[in-house]
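>>> any chance you could fold what I've pasted below:
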Amino acid sequence: MNNLSMLKRQHSEMLEIINNIHTLLKRGKLDDVAGDIAYNINNLAGKSKIHMMSEDEFLYPSLISSSHEDIKNTAKSFHDKMGNINELFVSFVKKYNIPSKIRENGESFIEEVNRILKLMSDRINKEDNYLYPLIEKIN
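Below you'll find the model as predicted:
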């Protein structure tokens with residue numbers, strides 16, 4: 001499996017967990033689903049840690065130095081606009097990694113989880129729909 005296939009597979013796994021969290025939020029009272037949400041947040045954290053690190057530290061720098069202008073410009077734009085998502089997510093996970101933290105901060109948790117999951121979903125979708133196809137065209 002090449003690196004791009006691996007990154008796409010990881011994206012699919014991360015989107016599945018994001019959807020699980022959204023489903024749990026809609027299912028019932030936050031107090032009742034906080035344990036399952038915390039589990040999914042930690043699962044997402046594990047999957048995204050290596051993924052985002054490899055993109056931010058290896059993939060994007062190599063694409064930004066590409067001789068292909070489309071790839072170079074797209075990668076630079078994406079990195080400039082979305083490069084801090086990993087830091088935001090790590091901070092979010094530290095804040096809400098156990099059920100009691102979720103329960104204690106109900107309303108702010110819901111606002112923050114929706115915001116951070118949207119940022120992550122948007123990044124994944126942009127990479128899958130715009131950046132990765134550019135890479136595939138030259139490979």
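>>> and for residue 84, the neighbour number?
12 (other C-beta atoms under 10 Å). The way it works is simple: take the backbone N, C-alpha and C, and place the C-beta from them, glycine included.
>>> tell me which other helices or strands the helix or strand where residue 6 lies touches.
Assigned by DSSP states H and E, residue 6 falls within helix 3-27. Counting by 3 or more C-beta pairs under 8 Å, 6 or more residues apart in numbering; DSSP states H and E, the packing neighbours recorded for helix 3-27 are helix 30-54, helix 106-126, helix 132-138.
>>> which one of those helices lies closest to residue 18?
helix 106-126 (5.1 Å; C-beta to C-beta).
>>> which parts of the closest one are buried?
Going by neighbour count (16 or more other C-beta atoms under 10 Å), the buried part of helix 106-126 is 109, 112, 113, 116, 117, 119, 120, 121, 123, 124, 126.
>>> let me know the closest of these to residue 24.
Nearest to residue 24 among the buried residues of helix 106-126, with distances taken as C-beta to C-beta, is residue 113, at 10.0 Å.
>>> can you pull the contacts of that closest one?
21, 25, 37, 41, 92, 96 (C-beta atoms under 8 Å, 6 or more residues apart in numbering).
>>> measure the third one to residue 79 for me?
Right, the one you point to is residue 37. Separation of residue 37 from residue 79 (C-beta to C-beta, to the nearest Å) stands at 30 Å.
>>> more crowded one of the two?
Between residue 37 and residue 79, counted using other C-beta under 10 Å, residue 37 has the larger neighbour count: 21 against 18.
>>> hmm, back to that, filter the contacts of residue 113 to the buried ones?
For those, buried by 16+ other C-beta under 10 Å: 21, 25, 37, 41, 92, 96.
>>> fine by me, thanks again.
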